[in-house]
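>>> Pasting the sequence and the predicted model now:
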Amino acid sequence: MQVYLDNNATTMVDPLVVEAMTPFFSELYGNPNSLHKFGTASHPAISKAIDQVYTALNASDADDIVFTSCATESNNWVLQSIVTDLVRHGEKNHIVTTEVEHPSILSTCRFLEEQGVKVTYLPVNDQGVVEVSTVKSFITDKTALVSIMWASNETGMINPIKEIGAICKEKGVLFHSDAVQAVGKIPVDLEDVHVDFLSMSAHKFHGPKGIGALYIKNSQKLTPLLHGGEHMGGRRSGTLNVPSIVGMGKAIELATVNIKETAAKIRAQRDRLEDAILELSDTFVVGDRENRTPNTILISIKGVEGEGMLWDLNNGQIGASTGSACASEDLEANTVMLAIGADNELAHTGIRLSLSRFTTDSEIDYTIAHFKNAVGRLRAISSSFAKVQPTPGGEVQEC
Ligand SMILES: Cc1ncc(COP(=O)(O)O)c(CNc2co[nH]c2=O)c1O
(Lines give C-alpha, C1' and ligand atoms only; values in the text may rest on other atoms or scores of the structure.)
Protein backbone atom coordinates (compact mmCIF):
# COMPACT_ATOMS: atom_id res chain seq x y z
CA MET A 1 0.00 0.00 0.00
CA GLN A 2 1.27 3.52 -0.81
CA VAL A 3 0.01 6.37 1.38
CA TYR A 4 0.51 10.03 0.40
CA LEU A 5 0.31 12.28 3.47
CA ASP A 6 2.17 15.38 2.20
CA ASN A 7 -0.77 17.27 0.72
CA ASN A 8 0.35 20.60 2.20
CA ALA A 9 3.38 20.31 -0.12
CA THR A 10 1.31 19.47 -3.18
CA THR A 11 -1.75 17.44 -4.09
CA MET A 12 -2.73 14.95 -6.77
CA VAL A 13 -4.55 16.66 -9.65
CA ASP A 14 -8.19 15.54 -9.45
CA PRO A 15 -8.99 13.37 -12.54
CA LEU A 16 -12.01 15.63 -13.16
CA VAL A 17 -9.58 18.56 -13.35
CA VAL A 18 -7.37 16.71 -15.83
CA GLU A 19 -10.49 16.03 -17.91
CA ALA A 20 -11.42 19.72 -17.91
CA MET A 21 -7.88 20.76 -18.91
CA THR A 22 -7.31 18.23 -21.69
CA PRO A 23 -9.05 20.02 -24.65
CA PHE A 24 -6.81 23.08 -24.17
CA PHE A 25 -3.54 21.29 -24.96
CA SER A 26 -4.07 20.04 -28.52
CA GLU A 27 -7.56 21.16 -29.54
CA LEU A 28 -8.27 24.67 -28.24
CA TYR A 29 -4.62 25.68 -28.10
CA GLY A 30 -4.65 29.16 -29.67
CA ASN A 31 -3.15 32.17 -27.90
CA PRO A 32 -6.12 33.87 -26.18
CA ASN A 33 -4.68 37.26 -27.20
CA SER A 34 -4.89 36.32 -30.88
CA LEU A 35 -7.86 37.81 -32.71
CA HIS A 36 -8.52 34.73 -34.88
CA LYS A 37 -10.92 31.98 -33.83
CA PHE A 38 -8.09 29.69 -32.68
CA GLY A 39 -7.38 32.26 -29.98
CA THR A 40 -10.87 33.46 -29.11
CA ALA A 41 -12.14 29.86 -28.84
CA SER A 42 -10.67 29.59 -25.31
CA HIS A 43 -12.23 32.82 -24.02
CA PRO A 44 -15.45 31.25 -22.65
CA ALA A 45 -13.41 28.72 -20.65
CA ILE A 46 -11.13 31.42 -19.26
CA SER A 47 -14.14 33.51 -18.22
CA LYS A 48 -15.71 30.47 -16.58
CA ALA A 49 -12.52 29.77 -14.61
CA ILE A 50 -12.37 33.37 -13.39
CA ASP A 51 -16.02 33.12 -12.31
CA GLN A 52 -15.28 29.85 -10.46
CA VAL A 53 -12.55 31.60 -8.43
CA TYR A 54 -14.80 34.62 -7.69
CA THR A 55 -17.57 32.27 -6.52
CA ALA A 56 -15.27 30.17 -4.36
CA LEU A 57 -13.99 33.27 -2.54
CA ASN A 58 -17.35 35.09 -2.54
CA ALA A 59 -15.49 37.99 -4.12
CA SER A 60 -17.22 41.07 -5.50
CA ASP A 61 -17.23 41.98 -9.20
CA ALA A 62 -15.44 45.19 -8.14
CA ASP A 63 -12.44 43.07 -7.13
CA ASP A 64 -9.77 41.65 -9.42
CA ILE A 65 -8.56 38.06 -9.71
CA VAL A 66 -5.22 37.89 -11.54
CA PHE A 67 -3.71 34.54 -12.48
CA THR A 68 -0.01 34.10 -11.70
CA SER A 69 2.46 31.24 -12.06
CA CYS A 70 2.23 30.30 -8.36
CA ALA A 71 1.71 31.74 -4.90
CA THR A 72 5.41 32.53 -4.63
CA GLU A 73 4.93 34.95 -7.54
CA SER A 74 1.75 36.35 -5.97
CA ASN A 75 3.55 36.94 -2.66
CA ASN A 76 6.57 38.54 -4.34
CA TRP A 77 4.29 40.74 -6.42
CA VAL A 78 2.44 42.20 -3.45
CA LEU A 79 5.51 42.79 -1.29
CA GLN A 80 7.76 44.20 -4.01
CA SER A 81 5.10 46.38 -5.62
CA ILE A 82 3.92 47.82 -2.31
CA VAL A 83 7.50 49.04 -1.93
CA THR A 84 7.39 50.50 -5.45
CA ASP A 85 4.03 52.19 -4.87
CA LEU A 86 4.12 53.24 -1.22
CA VAL A 87 7.70 53.21 -0.01
CA ARG A 88 9.93 54.55 -2.76
CA HIS A 89 7.74 57.59 -3.45
CA GLY A 90 5.80 57.93 -0.25
CA GLU A 91 6.11 58.49 3.47
CA LYS A 92 5.77 54.81 4.34
CA ASN A 93 8.71 52.47 4.85
CA HIS A 94 7.48 49.61 7.07
CA ILE A 95 6.05 46.11 6.55
CA VAL A 96 4.59 43.95 9.33
CA THR A 97 4.65 40.18 8.99
CA THR A 98 5.34 37.18 11.27
CA GLU A 99 8.32 34.96 12.06
CA VAL A 100 6.56 31.86 10.70
CA GLU A 101 5.52 32.92 7.20
CA HIS A 102 6.36 30.81 4.17
CA PRO A 103 9.87 31.39 2.73
CA SER A 104 8.32 33.22 -0.25
CA ILE A 105 7.30 35.94 2.24
CA LEU A 106 10.30 35.82 4.57
CA SER A 107 12.97 35.76 1.85
CA THR A 108 11.25 38.58 -0.05
CA CYS A 109 11.09 40.66 3.13
CA ARG A 110 14.80 40.11 3.73
CA PHE A 111 15.45 41.16 0.13
CA LEU A 112 13.46 44.34 0.74
CA GLU A 113 15.31 45.02 3.99
CA GLU A 114 18.53 45.11 1.94
CA GLN A 115 16.85 47.99 0.04
CA GLY A 116 16.15 49.88 3.24
CA VAL A 117 12.61 48.76 3.99
CA LYS A 118 11.88 48.24 7.69
CA VAL A 119 10.25 44.87 8.42
CA THR A 120 8.76 43.73 11.73
CA TYR A 121 8.62 39.93 12.15
CA LEU A 122 5.95 39.37 14.79
CA PRO A 123 6.33 36.46 17.23
CA VAL A 124 3.63 33.81 17.55
CA ASN A 125 2.18 32.24 20.71
CA ASP A 126 2.73 28.66 21.89
CA GLN A 127 0.02 27.56 19.46
CA GLY A 128 1.93 29.09 16.55
CA VAL A 129 -0.72 31.82 16.09
CA VAL A 130 -0.12 35.58 16.00
CA GLU A 131 -2.02 37.59 18.64
CA VAL A 132 -4.30 40.39 17.38
CA SER A 133 -2.97 42.72 20.07
CA THR A 134 0.57 42.11 18.87
CA VAL A 135 -0.34 43.07 15.30
CA LYS A 136 -2.14 46.21 16.50
CA SER A 137 0.79 47.33 18.64
CA PHE A 138 3.32 47.24 15.80
CA ILE A 139 1.31 49.14 13.13
CA THR A 140 2.54 52.74 12.81
CA ASP A 141 1.76 55.65 10.49
CA LYS A 142 4.70 54.45 8.38
CA THR A 143 3.35 50.94 7.91
CA ALA A 144 2.69 50.29 4.21
CA LEU A 145 1.49 46.68 4.48
CA VAL A 146 0.59 43.96 6.92
CA SER A 147 1.18 40.46 5.47
CA ILE A 148 0.04 37.49 7.57
CA MET A 149 -0.73 33.96 6.39
CA TRP A 150 -4.28 32.69 6.78
CA ALA A 151 -3.19 29.19 7.86
CA SER A 152 0.23 27.69 8.50
CA ASN A 153 1.65 25.20 6.00
CA GLU A 154 3.61 23.59 8.86
CA THR A 155 1.03 23.33 11.65
CA GLY A 156 -2.29 24.09 9.98
CA MET A 157 -2.95 26.67 12.69
CA ILE A 158 -5.31 29.44 11.57
CA ASN A 159 -4.51 33.10 12.29
CA PRO A 160 -7.24 35.59 13.38
CA ILE A 161 -7.46 37.05 9.88
CA LYS A 162 -10.92 38.61 10.28
CA GLU A 163 -9.83 40.57 13.35
CA ILE A 164 -6.50 41.58 11.79
CA GLY A 165 -8.25 42.70 8.60
CA ALA A 166 -10.63 44.88 10.62
CA ILE A 167 -7.71 46.55 12.40
CA CYS A 168 -5.88 47.21 9.11
CA LYS A 169 -9.05 48.66 7.56
CA GLU A 170 -9.59 50.88 10.60
CA LYS A 171 -5.98 52.11 10.49
CA GLY A 172 -5.93 52.53 6.71
CA VAL A 173 -3.11 50.00 6.24
CA LEU A 174 -3.14 47.59 3.30
CA PHE A 175 -3.52 43.95 4.33
CA HIS A 176 -2.23 40.89 2.45
CA SER A 177 -2.88 37.30 3.45
CA ASP A 178 -1.06 34.31 2.02
CA ALA A 179 -4.08 31.97 1.97
CA VAL A 180 -2.39 29.06 0.18
CA GLN A 181 -3.15 26.59 2.98
CA ALA A 182 -6.67 27.92 3.58
CA VAL A 183 -8.29 28.13 0.13
CA GLY A 184 -9.97 24.83 -0.64
CA LYS A 185 -9.50 23.53 2.90
CA ILE A 186 -11.57 25.93 5.04
CA PRO A 187 -14.19 28.54 4.07
CA VAL A 188 -12.65 31.78 2.77
CA ASP A 189 -15.40 34.41 2.40
CA LEU A 190 -14.08 37.78 1.21
CA GLU A 191 -17.42 39.48 1.77
CA ASP A 192 -17.03 38.58 5.43
CA VAL A 193 -13.27 39.08 5.89
CA HIS A 194 -11.43 42.25 4.82
CA VAL A 195 -8.22 41.66 2.88
CA ASP A 196 -6.77 43.93 0.18
CA PHE A 197 -4.67 41.15 -1.36
CA LEU A 198 -4.87 37.35 -1.10
CA SER A 199 -2.50 34.73 -2.55
CA MET A 200 -3.55 31.24 -3.57
CA SER A 201 -2.08 28.25 -5.40
CA ALA A 202 -3.94 25.60 -7.40
CA HIS A 203 -1.68 22.67 -6.60
CA LYS A 204 -2.74 22.84 -2.95
CA PHE A 205 -6.35 21.93 -3.75
CA HIS A 206 -5.99 19.25 -6.44
CA GLY A 207 -5.29 21.62 -9.30
CA PRO A 208 -2.17 21.72 -11.51
CA LYS A 209 1.21 23.03 -10.36
CA GLY A 210 2.46 26.25 -11.93
CA ILE A 211 -0.71 28.28 -11.58
CA GLY A 212 -1.78 30.56 -8.77
CA ALA A 213 -3.67 33.80 -8.40
CA LEU A 214 -3.70 37.09 -6.59
CA TYR A 215 -7.00 38.56 -5.37
CA ILE A 216 -6.96 42.38 -5.41
CA LYS A 217 -9.79 44.19 -3.60
CA ASN A 218 -11.64 47.00 -5.35
CA SER A 219 -9.05 46.95 -8.15
CA GLN A 220 -6.51 48.47 -5.74
CA LYS A 221 -3.51 49.93 -7.59
CA LEU A 222 -0.55 47.53 -7.62
CA THR A 223 2.36 48.09 -10.00
CA PRO A 224 2.85 44.92 -12.09
CA LEU A 225 5.75 42.67 -11.15
CA LEU A 226 5.96 41.34 -14.73
CA HIS A 227 5.80 43.83 -17.63
CA GLY A 228 5.45 43.33 -21.35
CA GLY A 229 1.90 42.90 -22.57
CA GLU A 230 -1.73 43.74 -21.91
CA HIS A 231 -2.61 40.34 -20.43
CA MET A 232 -4.98 40.24 -17.44
CA GLY A 233 -5.95 43.87 -18.05
CA GLY A 234 -2.33 44.96 -17.95
CA ARG A 235 -1.98 43.62 -14.40
CA ARG A 236 0.31 40.66 -15.22
CA SER A 237 2.08 40.14 -18.53
CA GLY A 238 2.66 36.74 -20.11
CA THR A 239 0.67 34.48 -22.39
CA LEU A 240 -2.17 32.96 -20.45
CA ASN A 241 -1.63 29.36 -19.36
CA VAL A 242 -5.10 28.35 -20.54
CA PRO A 243 -5.08 24.64 -19.55
CA SER A 244 -3.90 25.50 -16.04
CA ILE A 245 -6.31 28.40 -15.66
CA VAL A 246 -9.16 26.07 -16.60
CA GLY A 247 -7.74 23.50 -14.21
CA MET A 248 -7.55 26.00 -11.35
CA GLY A 249 -11.15 27.03 -11.90
CA LYS A 250 -12.41 23.43 -11.91
CA ALA A 251 -10.23 22.51 -8.91
CA ILE A 252 -11.41 25.41 -6.73
CA GLU A 253 -15.03 24.62 -7.62
CA LEU A 254 -14.60 20.96 -6.64
CA ALA A 255 -12.72 21.89 -3.45
CA THR A 256 -15.27 24.40 -2.20
CA VAL A 257 -18.66 23.16 -3.43
CA ASN A 258 -19.17 20.99 -0.30
CA ILE A 259 -16.29 22.33 1.74
CA LYS A 260 -17.85 21.84 5.18
CA GLU A 261 -18.77 18.21 4.56
CA THR A 262 -15.40 17.48 2.96
CA ALA A 263 -13.54 19.15 5.84
CA ALA A 264 -15.55 17.13 8.38
CA LYS A 265 -14.64 13.85 6.66
CA ILE A 266 -10.95 14.73 6.48
CA ARG A 267 -10.92 15.98 10.06
CA ALA A 268 -12.41 12.74 11.37
CA GLN A 269 -9.62 10.78 9.67
CA ARG A 270 -6.98 13.26 10.87
CA ASP A 271 -8.24 13.12 14.48
CA ARG A 272 -8.26 9.30 14.44
CA LEU A 273 -4.67 9.26 13.21
CA GLU A 274 -3.64 11.93 15.71
CA ASP A 275 -5.33 10.16 18.65
CA ALA A 276 -3.59 6.90 17.78
CA ILE A 277 -0.14 8.50 17.58
CA LEU A 278 -0.71 10.43 20.82
CA GLU A 279 -1.19 7.09 22.59
CA LEU A 280 2.60 6.78 22.27
CA SER A 281 4.57 8.21 25.19
CA ASP A 282 6.39 11.58 24.91
CA THR A 283 4.52 12.82 21.86
CA PHE A 284 2.72 16.11 21.36
CA VAL A 285 0.89 17.87 18.56
CA VAL A 286 1.38 21.57 17.85
CA GLY A 287 -1.85 23.53 18.18
CA ASP A 288 -5.42 22.78 19.21
CA ARG A 289 -7.73 21.02 16.77
CA GLU A 290 -10.50 23.62 16.71
CA ASN A 291 -8.27 26.35 15.26
CA ARG A 292 -6.42 24.21 12.76
CA THR A 293 -6.99 23.22 9.13
CA PRO A 294 -8.75 19.83 9.13
CA ASN A 295 -6.02 17.94 7.28
CA THR A 296 -2.83 18.81 9.13
CA ILE A 297 -0.84 17.31 12.01
CA LEU A 298 2.56 18.58 13.13
CA ILE A 299 3.62 16.06 15.74
CA SER A 300 6.76 15.85 17.85
CA ILE A 301 8.04 12.41 18.86
CA LYS A 302 10.64 12.73 21.59
CA GLY A 303 13.83 10.84 20.80
CA VAL A 304 13.04 10.38 17.09
CA GLU A 305 14.81 12.63 14.55
CA GLY A 306 12.35 13.89 11.97
CA GLU A 307 14.51 12.82 9.04
CA GLY A 308 14.93 9.34 10.50
CA MET A 309 11.17 9.03 10.83
CA LEU A 310 10.65 10.26 7.26
CA TRP A 311 13.12 7.65 6.00
CA ASP A 312 11.31 4.88 7.90
CA LEU A 313 7.91 6.05 6.71
CA ASN A 314 9.23 6.21 3.15
CA ASN A 315 10.46 2.64 3.45
CA GLY A 316 6.90 1.82 4.44
CA GLN A 317 5.61 3.58 1.30
CA ILE A 318 4.26 6.50 3.35
CA GLY A 319 5.04 10.05 2.14
CA ALA A 320 5.22 12.77 4.78
CA SER A 321 7.53 15.70 5.60
CA THR A 322 9.25 17.51 8.42
CA GLY A 323 7.75 20.80 7.24
CA SER A 324 7.79 22.96 4.15
CA ALA A 325 9.37 21.12 1.22
CA CYS A 326 11.01 24.43 0.43
CA ALA A 327 13.17 23.77 3.45
CA SER A 328 13.10 19.99 3.62
CA GLU A 329 16.46 19.44 1.93
CA ASP A 330 18.34 20.82 4.92
CA LEU A 331 18.51 19.19 8.33
CA GLU A 332 17.70 22.37 10.21
CA ALA A 333 15.28 22.40 13.10
CA ASN A 334 11.66 23.13 12.28
CA THR A 335 11.49 26.93 12.43
CA VAL A 336 7.88 26.97 13.54
CA MET A 337 8.57 24.67 16.47
CA LEU A 338 11.47 26.91 17.47
CA ALA A 339 9.17 29.95 17.16
CA ILE A 340 6.60 28.45 19.54
CA GLY A 341 9.30 27.78 22.11
CA ALA A 342 10.42 24.20 21.49
CA ASP A 343 14.06 23.54 22.35
CA ASN A 344 16.47 22.64 19.55
CA GLU A 345 16.30 18.91 20.25
CA LEU A 346 12.52 18.91 20.17
CA ALA A 347 12.48 21.10 17.05
CA HIS A 348 14.34 18.34 15.19
CA THR A 349 11.61 15.81 15.94
CA GLY A 350 8.70 17.37 14.04
CA ILE A 351 6.79 15.29 11.49
CA ARG A 352 4.07 16.86 9.35
CA LEU A 353 1.23 14.66 8.11
CA SER A 354 -1.26 16.31 5.75
CA LEU A 355 -4.31 14.46 4.43
CA SER A 356 -6.65 15.16 1.51
CA ARG A 357 -10.16 14.27 0.38
CA PHE A 358 -8.62 11.28 -1.41
CA THR A 359 -7.15 9.81 1.81
CA THR A 360 -8.91 6.54 2.70
CA ASP A 361 -9.71 4.92 6.04
CA SER A 362 -7.54 1.90 5.20
CA GLU A 363 -4.63 4.26 4.49
CA ILE A 364 -5.11 5.74 7.96
CA ASP A 365 -5.20 2.24 9.49
CA TYR A 366 -1.98 1.31 7.67
CA THR A 367 -0.26 4.54 8.73
CA ILE A 368 -1.19 4.07 12.40
CA ALA A 369 0.25 0.57 12.44
CA HIS A 370 3.45 1.57 10.64
CA PHE A 371 3.93 4.72 12.71
CA LYS A 372 3.74 2.88 16.02
CA ASN A 373 6.19 0.18 14.85
CA ALA A 374 8.55 2.82 13.47
CA VAL A 375 8.65 4.79 16.71
CA GLY A 376 9.49 1.63 18.64
CA ARG A 377 12.30 0.76 16.22
CA LEU A 378 13.77 4.26 16.14
CA ARG A 379 13.57 4.86 19.87
CA ALA A 380 15.35 1.55 20.47
CA ILE A 381 18.42 2.98 18.71
CA SER A 382 18.01 6.54 19.91
CA SER A 383 20.74 7.88 22.20
CA SER A 384 18.50 10.75 23.28
CA PHE A 385 15.72 8.44 24.36
CA ALA A 386 17.56 6.34 26.90
CA LYS A 387 15.35 3.64 28.32
CA VAL A 388 15.56 2.48 31.92
CA GLN A 389 15.10 -1.30 31.97
CA PRO A 390 14.82 -3.38 35.19
CA THR A 391 17.48 -6.15 35.48
CA PRO A 392 16.74 -9.73 36.82
CA GLY A 393 18.06 -8.65 40.25
CA GLY A 394 15.79 -5.64 40.20
CA GLU A 395 18.65 -3.14 39.75
CA VAL A 396 17.83 -0.41 37.28
CA GLN A 397 20.28 0.29 34.44
CA GLU A 398 20.53 2.93 31.73
CA CYS A 399 20.82 1.45 28.24
C1 LIG B 1 1.68 29.15 2.96
C2 LIG B 1 2.38 28.95 1.63
N3 LIG B 1 2.68 30.02 0.85
C4 LIG B 1 3.29 29.88 -0.34
C5 LIG B 1 3.65 28.63 -0.81
C6 LIG B 1 4.32 28.52 -2.17
O7 LIG B 1 3.32 28.11 -3.08
P8 LIG B 1 3.73 27.84 -4.63
O9 LIG B 1 4.69 28.92 -5.00
O10 LIG B 1 2.45 27.93 -5.41
O11 LIG B 1 4.32 26.47 -4.64
C12 LIG B 1 3.39 27.49 -0.03
C13 LIG B 1 3.86 26.12 -0.48
N14 LIG B 1 4.16 25.30 0.66
C15 LIG B 1 4.85 24.17 0.59
C16 LIG B 1 5.53 23.65 -0.45
O17 LIG B 1 6.07 22.47 0.00
N18 LIG B 1 5.75 22.24 1.31
C19 LIG B 1 4.99 23.28 1.71
O20 LIG B 1 4.54 23.41 2.84
C21 LIG B 1 2.72 27.66 1.20
O22 LIG B 1 2.40 26.59 1.97
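Yes, it's here. What you see is a predicted model, and the numbers here were worked out from it, not measured in a lab.
>>> Quick one: the helices in this protein, in order.
With DSSP state H applied, the chain shows helices at 15-21, 23-26, 37-40, 43-57, 71-82, 103-113, 132-138, 161-171, 242-256, 259-278, 306-315, 335-339, 344-347, 361-380, listed in chain order.
>>> how much does the fourth one deviate in direction from helix 259-278?
For helix 43-57 against helix 259-278, the angle between stretch directions is 60 degrees (axes from the mean of the first three to the mean of the last three Cα atoms, to 10 degrees).
>>> Dump the helices of the chain to TSV, plus mean neighbour count.
In short, each C-beta sits where N, CA and C put it, glycine included. Output for the helices of the chain, formatted as TSV (neighbours: other Cβ atoms under 10 Å):
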stretch	mean neighbour count
helix 15-21	17
helix 23-26	14
helix 37-40	12
helix 43-57	18
helix 71-82	23
helix 103-113	18
helix 132-138	15
helix 161-171	18
helix 242-256	26
helix 259-278	16
helix 306-315	17
helix 335-339	22
helix 344-347	16
helix 361-380	16
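>>> With mean pLDDT and distance to Gly233 as new columns, can these be given to me in JSON lines?
Shown next, in JSON lines, are these (pLDDT from 0 to 100; distance: least, Cβ to Cβ, whole Å):
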{"stretch": "helix 15-21", "mean pLDDT": "98", "distance to Gly233": "23"}
{"stretch": "helix 23-26", "mean pLDDT": "98", "distance to Gly233": "21"}
{"stretch": "helix 37-40", "mean pLDDT": "96", "distance to Gly233": "17"}
{"stretch": "helix 43-57", "mean pLDDT": "98", "distance to Gly233": "11"}
{"stretch": "helix 71-82", "mean pLDDT": "97", "distance to Gly233": "14"}
{"stretch": "helix 103-113", "mean pLDDT": "97", "distance to Gly233": "24"}
{"stretch": "helix 132-138", "mean pLDDT": "97", "distance to Gly233": "32"}
{"stretch": "helix 161-171", "mean pLDDT": "98", "distance to Gly233": "25"}
{"stretch": "helix 242-256", "mean pLDDT": "98", "distance to Gly233": "14"}
{"stretch": "helix 259-278", "mean pLDDT": "98", "distance to Gly233": "29"}
{"stretch": "helix 306-315", "mean pLDDT": "93", "distance to Gly233": "44"}
{"stretch": "helix 335-339", "mean pLDDT": "81", "distance to Gly233": "37"}
{"stretch": "helix 344-347", "mean pLDDT": "76", "distance to Gly233": "45"}
{"stretch": "helix 361-380", "mean pLDDT": "96", "distance to Gly233": "44"}
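>>> Go through the ones you listed and name the closest to Glu154.
The minimum distance between Glu154 and the helices of the chain falls on helix 335-339, with 4.3 Å, by Cβ to Cβ.
>>> what's next to that closest one, contact-wise?
Contacts to helix 335-339, defined as Cβ atoms under 8 Å, 6 or more residues apart in numbering, come from residues 99-100, 123-124, 128, 152, 154-155, 286, 298, 300, 323, 327, 344, 346-347, 350.
>>> give me every residue that touches the nearest residue to Glu363 once chain neighbours are set aside.
Leaving out its chain neighbours, the residue that sits closest to Glu363 by Cβ to Cβ, 6 or more residues apart in numbering is Val3, at 4.4 Å. Contact criterion Cβ under 8 Å, 6+ apart gives Gln317, Ile318, Gly319, Thr359, Glu363, Tyr366, Thr367 as the residues in contact with Val3.
>>> For the third one, grab the count of nearby residues.
The one in question is Gly319. By other Cβ atoms under 10 Å, the residues close to Gly319 number 16.
>>> Against the ligand, how distant is it?
Taking Cβ to the nearest ligand atom, to the nearest Å as the measure, Gly319 falls 12 Å from the ligand.
>>> repeat for the fifth one
Per Cβ to the nearest ligand atom, Glu363 is found 20 Å from the ligand.
>>> Same question for the last one.
Thr367 sits 19 Å away from the ligand, taking Cβ to the nearest ligand atom as the criterion.
>>> thought that residue was touching Arg270?
No. Here Thr367 lies out of contact with Arg270, judged by Cβ atoms under 8 Å, at a distance of 11.0 Å.
>>> Now for those two: what residues contact both?
The contact sets of Thr367 and Arg270 overlap at Leu353 (Cβ under 8 Å, 6+ apart).
>>> Name only those of the contacts of helix 335-339 that count as buried.
With neighbours counted using 16 or more other Cβ atoms under 10 Å, the contacts of helix 335-339 contain these buried positions: 99-100, 124, 128, 152, 154-155, 286, 298, 300, 323, 346-347, 350.
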